[in-house]
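Undergrad: below are the sequence and a predicted model; questions follow.
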Amino acid sequence: MELILSLLASSAAVAGVVVAIVAHQRAEEAAGRAASAEERAVTAAERAAASGAMIAAIERSIFDGPPWSVAWSGGDTFLVTNNSPLPALAVEVRSIPDSLELHLDASQRQPFDLGPKSAFAFMFAPTYDDPFRRDIVVRWRREEAGPVMEWTHPLPPRPRGS
């Protein structure tokens with residue numbers, strides 16, 4: 001009987017050791033999986049940060065450069081182009097000095113909205129009485145209630161012989 005009890009106690013001890021070994025192995029595997037998950041989370045966070053920086057760089061590059069451009073189109077006509085990928089709202093055009101005669105199309109009542117990468121035409125025929133400084137001033141908003149922005153640029157000269 002003592003032999004049976006001794007065998008049972010030994011078997012229980014061996015079973016306890018086996019259970020402890022299996023539990024230890026599972027704990028190591030779980031720790032490995034947790035470390036792997038942590039590495040993946042860190043990698044994902046680094047990629048997200050890098051893509052956020054890339055998006056910010058793309059947004060900055062979109063808005064690099066002047067928001068408007070003015071170019072001679074032909075005759076006494078000039079084109080002013082909204083270079084932005086966003087619409088320009090409540091656009092108003094004037095000149096410096098105010099005495100210059102800029103003529104917008106009769107259908108183009110100020111203020112007006114202008115789509116992205118769109119242009120409007122105006123006519124200007126310089127005279128000898130005009131001052132040396134001849135600038136166009138464009139005022140606009142990006143949002144209905146947004147701040148008013150202003151861009152000033154010299155009127156380009158007409159090409160020689162035109």
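TA: The structure has been received and is ready for your questions.

Undergrad: helices along the chain, start to end?
TA: 2-63 (DSSP state H).

Undergrad: where in it is the helix or strand with the lowest mean pLDDT?
TA: Lowest by mean pLDDT, DSSP states H and E among the helices and strands of the chain is helix 2-63, with a mean of 73.

Undergrad: list the contacts for Leu3?
TA: Leu3 makes contact with no residue, according to Cβ atoms under 8 Å, 6 or more residues apart in numbering. All C-beta spots, glycine's among them, are computed from the backbone N, C-alpha and C.

Undergrad: what's the neighbour count on Glu143?
TA: 9 (other Cβ atoms under 10 Å).

Undergrad: quick check: it touching Ala88?
TA: No: checked against Cβ atoms under 8 Å, the pair Glu143 and Ala88 is beyond contact range at 10.8 Å.

Undergrad: end to end, how far does stretch 97-114 reach?
TA: With Cα to Cα, to the nearest Å as the measure, stretch 97-114 spans 24 Å from end to end.

Undergrad: likewise stretch 135-147?
TA: Note: stretch 135-147 ends 22 Å apart using Cα to Cα.

Undergrad: chain center to it, what's the gap?
TA: Remark: stretch 135-147 is offset 19 Å from the chain centroid, using Cα atoms, centre = their mean, to the nearest Å.

Undergrad: now do the domain split for this structure, please.
TA: Domains of the chain are assigned by automatic domain parsing as 1-64, 68-154.

Undergrad: and the shortest one, how far out from the chain's middle?
TA: It refers to domain 1-64. 39 Å.

Undergrad: likewise for the last one?
TA: Domain 68-154 has its average C-alpha position 25 Å from the chain's average C-alpha position, going by Cα atoms, centre = their mean.

Undergrad: give the rounded mean pLDDT of that domain.
TA: Average pLDDT, domain 68-154: 85.

Undergrad: ends of that domain, what's the gap?
TA: End to end - Cα to Cα - domain 68-154 spans 12 Å.

Undergrad: mind giving me the packing neighbours of the longest strand anywhere in the chain?
TA: Longest strand in the chain by number of residues, with DSSP state E as the criterion: strand 88-96. Secondary-structure packing of strand 88-96 (3 or more Cβ pairs under 8 Å, 6 or more residues apart in numbering; DSSP states H and E): strand 112-114, strand 119-123, strand 135-141.
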